[in-house]
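>>> I'll drop the sequence and a predicted model, then ask my questions.
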Amino acid sequence: GAVVSQHPSWVICKSGTSVKIECRSLDFQATTMFWYRQFPKQSLMLMATSNEGSKATYEQGVEKDKFLINHASLTLSTLTVTSAHPEDSSFYICSASAAGGIGQYFGPGTRLTVT
Amino acid sequence: RKEVEQDPGPFNVPEGATVAFNCTYSNSASQSFFWYRQDCRKEPKLLMSVYSSGNEDGRFTAQLNRASQYISLLIRDSKLSDSATYLCVVNDNFNKFYFGSGTKLNVKP
């Protein structure tokens, strides 16, 4: 199946700093990438959808100035959590889908802890 | 109303049992349907797509009922390794995926 990687797999940072998470599709061109957040024992929550070369579409309640998404190529999207706070601690997962493809493929996730 | 609804469970079944999950969706224009499996602290993995005619993959059978807007997943001869959370996912016309909250399955020896 299609492979999606994420980096880093886990990160601990201090409150007020920014953290960048990379999501790469390794063996296909991802026209659309999705960013999700999952708190413990809760379901995945879609944060934003990004199409290559255009601005991301954010879900209601997600601050676009806080969660910066860049999808500059068909194989790479980045999520930057700016001025992170402890309440941003969560499991961030990206996924990617190809044009005309079925389903979406998930990266392994990034566990963010803000102290 | 949520786009996709699932019974959160948990479903506790013995090895070898047959277990079925249902999922309902609200958008009648939904195009594609999937079941994903998520293990604790891991990312979701595609289990199978769901087709109108129903489809089977080994011990797993998925069915779609468009008239009633529900999707089902049947697992036969449950294994310990089937223990996970099963996510129902629905895709609309605009390449947007909606996730159910997941149904937790515990298969006991």
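That came in fine, so what should we check first?
>>> quick one, what contacts the nearest residue to B:Leu46 once chain neighbours are set aside?
Using Cβ to Cβ, 6 or more residues apart in numbering or on different chains and skipping the chain neighbours, the partner closest in space to B:Leu46 is A:Gly103 (5.2 Å). Backbone N, C-alpha and C define where each C-beta goes, glycine included. Contacts for A:Gly103 were tallied using Cβ atoms under 8 Å, 6 or more residues apart in numbering or on different chains; they are A:97, B:32, B:34, B:46, B:49, B:89, B:91.
>>> need those in a markdown table (columns: pLDDT).
Formatted as a markdown table, the contacts of A:Gly103 follow (pLDDT from 0 to 100):
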| residue | pLDDT |
| --- | --- |
| A:Ser97 | 85 |
| B:Ser32 | 88 |
| B:Phe34 | 92 |
| B:Leu46 | 89 |
| B:Ser49 | 89 |
| B:Val89 | 91 |
| B:Asn91 | 86 |
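>>> export these to TSV and tack on distance to B:Lys108?
As requested, the contacts of A:Gly103 are exported to TSV (distance: Cβ to Cβ, whole Å):
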residue	distance to B:Lys108
A:Ser97	36
B:Ser32	33
B:Phe34	27
B:Leu46	26
B:Ser49	29
B:Val89	27
B:Asn91	34
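>>> need those in CSV with distance to A:Gln42, secondary structure and neighbour count, can you?
Output for the contacts of A:Gly103, formatted as CSV (distance: Cβ to Cβ, whole Å; DSSP: H, G, I helix; E, B strand; the rest coil; neighbours: other Cβ atoms under 10 Å in any protein chain shown):
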residue, distance to A:Gln42, secondary structure, neighbour count
A:Ser97, 23, strand, 23
B:Ser32, 24, strand, 17
B:Phe34, 20, strand, 22
B:Leu46, 21, strand, 19
B:Ser49, 25, strand, 17
B:Val89, 16, strand, 25
B:Asn91, 21, strand, 20
